[in-house]
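S.K.: give the three-dimensional model of this entry:
(one chain, ligands or ions: 1)
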Amino acid sequence: MTTPTSPRPQPALRGQNDSAAPEPSRSRSAYTWGQTFARMWQIMRAIRFRLLAGFLCAAAGSVFALMIPQVLQRLINGALADAATATPPNATPSAATSPTTAVLQAVGLVVVLGVLEAVLVYMRRVFAVTPATEVERTMRLTLFHRLLHLPTAFHDEWGSGQLLSRSMSDLGQVRRWLAFALIMLMSDLVTIVVGITLMVRQSAALALVFLAAAVPVVVMSYFFARRYHELARASQDRSGDLATTVEESVEGIRVLKAFGQGDHALRGFSRQADKLRDVEVAKATTGGLFDLMLIVIPELALGMALFIGLHQVAGGAMTVGALAAWFTTAAMVSMPVRMIGQLFAMTVNTKTALDRQWEVLDAPLTVTDPPSPVPAPWFSIDEDGRAAPAPRAAAPVTVEFHDVRFRYPDAPDHMPDVLRGVDLRVEPGETLAIVGVVGSGKTTMLDLVPRLYDVTAGRVTVDGVDVRDLSLADLRRTCAMTFEDATLFSFSVRDNVLLGAPAGLQRPGLPGDGLLRRALDTADAQEFVSTLPRGVDTEIGEEGLSLSGGQRQRLALARAIAARPQVLLLDDPLSALDTRTEERVSDRLRTALRGTTTIIVAHRPSTVDLADRVALLDDGRIAGVGTHREMMAASARYRSVIADLEQAESPQPSEPGEAAR
Ligand SMILES: Nc1ncnc2c1ncn2[C@@H]1O[C@H](COP(=O)(O)OP(=O)(O)OP(=O)(O)O)[C@@H](O)[C@H]1O
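M.R.: Alright, predicted model coming up:
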């Protein structure tokens with residue numbers, strides 16, 4: 001089992017030092033060929049009969065094609081030889097022995113064999129393509145399912161392009177291999193075995209010459225496979241890195257433009273593209289050389305066989321028909337031998353693609369359901385003892401941090417733990433603000449409640465229940481969160497806002513419409529949403545990019561409110577709003593938050609006003625808790641942090657409405 005060890009690839013923007021930038025060096029897969037394909041077989045089992053039918057069609061097609069030289073041999077040695085030796089030029093041959101009839105029969109047979117081969121090739125496709133596409137779909141769903149369940153730490157470590165290329169191009173490669181290369185590989189082997197058997201029957205000596213050529217081919221195949229596998233891996237990894245760069249650059253296109261970094265980004269991108277091109281060229285050259293050998297060596301063997309064969313015919317040890325049939329068969333066997341190079345290369349690419357799948361599928365699920373989840377006491381419990389979807393009416397919960405330590409898995413060794421013994425109790429229904437200097441671990445604290453990360457030591461509890469003892473579904477229904485970066489999806493406004501709303505309230509016309517209106521109203525989003533072309537049914541662009549930062553932030557806030565959580569976690573929720581909008585939203589939030597236990601990360605003194613109490617996070621611990629007034633009076637450190645926040649607060653846009661894009 002392997003996991004990537006490299007950091008996220010360098011994006012183009014960071015490409016200024018690209019020449020010196022570390023090359024992503026993911027650890028090589030430790031899967032053997034046997035392991036990779038035994039695992040693939042488990043997935044292919046469901047389609048094995050259809051694949052077998054495809055293979056039988058392909059093999060039968062090849063055998064029919066191999067029959068054609070046999071027809072030729074009979075024709076040359078039989079009717080044509082008789083006609084040449086026994087029939088006087090002006091004699092009228094009988095219908096039974098007429099060479100014309102024999103030729104017509106032979107041509108008819110060749111046509112029938114050819115048509116049969118064509119029909120069988122078509123049937124091979126019919127049998128193979130649909131199941132291969134099904135396997136591709138199943139594998140894609142499995143991968144996506146895994147990605148959704150892998151811990152946040154996994155996504156910190158892996159570039160999005162790497163995951164994109166694994167779920168798109170790698171799986172396309174697997175489909176092509178299943179639908180074509182695998183079946184052709186097997187049917188080519190059948191062609192080679194049947195063809196060589198026929199060649200041995202026609203002339204063992206000539207067949208021996210042909211077979212002798214197989215020795216260097218096998219030796220070369222071994223070295224080719226090793227080298228090609230390395231190059232295929234490098235190529236697939238580099239195209240994943242390139243996809244990450246494209247994705248990051250497109251996402252950050254405004255930053256690149258605003259900072260005039262377009263050319264710079266292009267240079268970084270071009271260096272990455274050059275590296276991919278170099279690998280692709282090396283791959284094509286290696287494959288080309290192998291193909292060359294696969295053509296040259298059998299051709300040399302055929303040349304030598306022709307020389308020996310002509311001697312045998314001259315000496316009467318072989319008929320002309322047998323020699324002609326031998327060569328036609330040898331030519332037909334040479335074709336799959338040549339094809340095998342390409343099919344082998346496709347198989348190597350597929351092994352690499354599969355290994356890249358297994359790496360993701362084998363990445364450990366570290367944040368999982370406990371073996372016996374505790375039913376969340378704040379949900380009403382149904383007759384079967386399961387937590388019912390609707391939360392019990394107004395029952396605010398406590399949230400507590402007990403001696404919590406936390407360290408990011410990818411943190412450098414010299415860095416101390418982010419949290420080093422955090423103790424904090426948030427009372428039921430209370431709104432508590434966390435204040436601290438930049439990078440002190442405020443967001444990290446929020447992340448630990450819904451288990452986006454698990455504590456390294458200590459406990460986080462909700463109403464006394466360790467969050468790790470709850471099922472993830474219950475825990476995530478209990479909490480709703482807004483993030484500093486307000487991510488929206490390419491859905492309608494309604495679907496974005498009701499994303500986490502209780503099940504059953506997410507379709508138009510249901511009571512969810514009231515919930516939607518209230519959530520939009522609280523986040524002061526109702527007015528701008530009503531100006532959108534289709535109101536709440538307006539599809540918003542990819543990641544909501546067609547909205548301003550302030551609009552996106554308000555929709556994200558509405559989404560958290562509409563989830564009707566017991567615990568609301570707000571990471572600097574008003575940062576993109578202008579002063580007047582912030583005041584309006586703050587007023588409405590104060591009412592909406594009543595009865596909901598809320599932790600709010602405050603980067604601005606005005607956000608602190610929303611809170612009943614404030615906790616100062618300093619040096620990895622809670623250095624004090626109290627009302628803002630108490631903290632101002634009691635803690636010099638708090639005063640200094642607040643002073644820094646006031647100073648850092650940037651000038652607000654003067655226009656009412658929202659912050660500029
Ligand atoms: N995924 C991660 N992997 C490694 N280190 C991280 C990760 N996320 C955050 N950190 C580090 O952990 C520390 C705390 O980060 P966190 O985002 O919790 O701070 P914060 O107080 O919320 O900062 P800010 O005020 O800027 O929002 C920082 O030093 C940060 O660099």
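
S.K.: mind jotting down where the helices sit in the stretch 1-150 of the chain?
M.R.: Listed in chain order, the helices of the stretch 1-150 of the chain (DSSP state H, counting those that start in this stretch) span 33-44, 48-75, 81-86, 99-149.

S.K.: any idea how far the ligand is from Thr591?
M.R.: 27 Å (CB to the nearest ligand atom, to the nearest Å). All C-beta spots, glycine's among them, are computed from the backbone N, C-alpha and C.

S.K.: ugh, typo on my part, it should be Phe483
M.R.: Using CB to the nearest ligand atom, Phe483 is found at 10 Å from the ligand.

S.K.: pLDDT wise, what is that residue at?
M.R.: The model reports Phe483 with a pLDDT of 88.

S.K.: can I get the helices of the stretch 1-150 of the chain in a markdown table including mean neighbour count, mean pLDDT and distance to the ligand?
M.R.: Output for the helices of the stretch 1-150 of the chain, formatted as a markdown table (neighbours: other CB atoms under 10 Å; pLDDT from 0 to 100; distance: least, CB to the nearest ligand atom, whole Å):
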| stretch | mean neighbour count | mean pLDDT | distance to the ligand |
| --- | --- | --- | --- |
| helix 33-44 | 14 | 94 | 31 |
| helix 48-75 | 20 | 85 | 43 |
| helix 81-86 | 12 | 58 | 83 |
| helix 99-149 | 16 | 88 | 17 |
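
S.K.: if we compare those helices, which one ends up closest to Leu198?
M.R.: Closest to Leu198 of the helices of the stretch 1-150 of the chain, according to CB to CB: helix 48-75, at 6.5 Å.

S.K.: packing partners for the closest one?
M.R.: helix 99-149, helix 182-202, helix 320-362 (3 or more CB pairs under 8 Å, 6 or more residues apart in numbering; DSSP states H and E).

S.K.: columns distance to Ser640 on top of these, output as TSV?
M.R.: TSV is the format used below for these (distance: least, CB to CB, whole Å):
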stretch	distance to Ser640
helix 99-149	42
helix 182-202	68
helix 320-362	46
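
S.K.: quick one: contacts for Val585?
M.R.: Thr522, Ala523, Asp524, Arg554, Leu557, Leu574, Leu577 (CB atoms under 8 Å, 6 or more residues apart in numbering).

S.K.: let me have those in JSON lines, adding pLDDT and neighbour count as columns.
M.R.: Formatted as JSON lines, the contacts of Val585 follow (pLDDT from 0 to 100; neighbours: other CB atoms under 10 Å):
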{"residue": "Thr522", "pLDDT": "90", "neighbour count": "23"}
{"residue": "Ala523", "pLDDT": "90", "neighbour count": "31"}
{"residue": "Asp524", "pLDDT": "89", "neighbour count": "24"}
{"residue": "Arg554", "pLDDT": "91", "neighbour count": "30"}
{"residue": "Leu557", "pLDDT": "91", "neighbour count": "27"}
{"residue": "Leu574", "pLDDT": "80", "neighbour count": "27"}
{"residue": "Leu577", "pLDDT": "78", "neighbour count": "27"}
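
S.K.: against Leu354, how distant is Phe144?
M.R.: As defined by CB to CB, to the nearest Å, Phe144 lies at a distance of 17 Å from Leu354.

S.K.: how far away is the closest residue to Phe406 other than its chain neighbours from Val217?
M.R.: Leaving out its chain neighbours, the residue that sits closest to Phe406 by CB to CB, 6 or more residues apart in numbering is Leu419, at 4.2 Å. As judged by CB to CB, Leu419 and Val217 stand 62 Å apart.

S.K.: okay, these two: which has more neighbours?
M.R.: Leu419 (25 against 18; other CB atoms under 10 Å).

S.K.: just checking, that one touches His402?
M.R.: No - Leu419 is not in contact with His402 according to CB atoms under 8 Å; the separation is 11.8 Å.

S.K.: can you list contacts of the helix or strand in which Ala643 is found?
M.R.: Using DSSP states H and E, the element containing Ala643 is helix 636-648. In this structure, residues lying in contact with helix 636-648 by CB under 8 Å, 6+ apart are 435-437, 602-605, 608, 614, 616, 618, 623-624, 631-632.

S.K.: quick one: which two of the contacts of Val585 are the most distant?
M.R.: Thr522 and Leu577 (13.3 Å).

S.K.: for stretch 246-263, measure first residue to last.
M.R.: Chord length of stretch 246-263, first to last residue, is 14 Å (CA to CA, to the nearest Å).

S.K.: any chance of the backbone angles for the spatially closest residue to Gly626 that is not a sequence neighbour?
M.R.: By the measure of CB to CB, 6+ apart, the closest residue to Gly626 outside its immediate chain neighbours is Arg613, 6.1 Å from it. Phi and psi for Arg613, reported as degrees, to the nearest 10, are phi -140, psi 170.

S.K.: may I have the secondary structure class of Thr368?
M.R.: Following DSSP: H, G, I helix; E, B strand; the rest coil, the label given to Thr368 is coil.

S.K.: what sits against it?
M.R.: Leu472.

S.K.: for the protein, what helix or strand is lowest in average pLDDT?
M.R.: strand 387-391 (a mean of 50; mean pLDDT, DSSP states H and E).

S.K.: mind pulling up the pLDDT for the residue in the stretch 101-250 of the chain that the ligand sits nearest to?
M.R.: Closest approach between the stretch 101-250 of the chain and the ligand, counting by CB to the nearest ligand atom: Asp156, at 4.0 Å. Looking at Asp156, its pLDDT is 87.

S.K.: equivalent analysis for Ala648, please.
M.R.: 69.

S.K.: restricting to C-alpha, output stretch 361-369 in PDB.
M.R.: This file holds the C-alpha atoms of stretch 361-369, laid out as PDB (Å, rounded to 0.1, in the frame of the first residue of the first chain):
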ATOM      1  CA  LEU A 361      -8.800   3.500  -2.400                       C
ATOM      2  CA  ASP A 362      -6.200   2.200   0.100                       C
ATOM      3  CA  ALA A 363      -5.600   5.600   1.700                       C
ATOM      4  CA  PRO A 364      -6.700   5.000   5.300                       C
ATOM      5  CA  LEU A 365     -10.100   6.300   6.400                       C
ATOM      6  CA  THR A 366      -9.100   7.800   9.700                       C
ATOM      7  CA  VAL A 367     -12.300   9.600  10.500                       C
ATOM      8  CA  THR A 368     -14.900   6.900  10.600                       C
ATOM      9  CA  ASP A 369     -18.100   5.900  12.500                       C
END
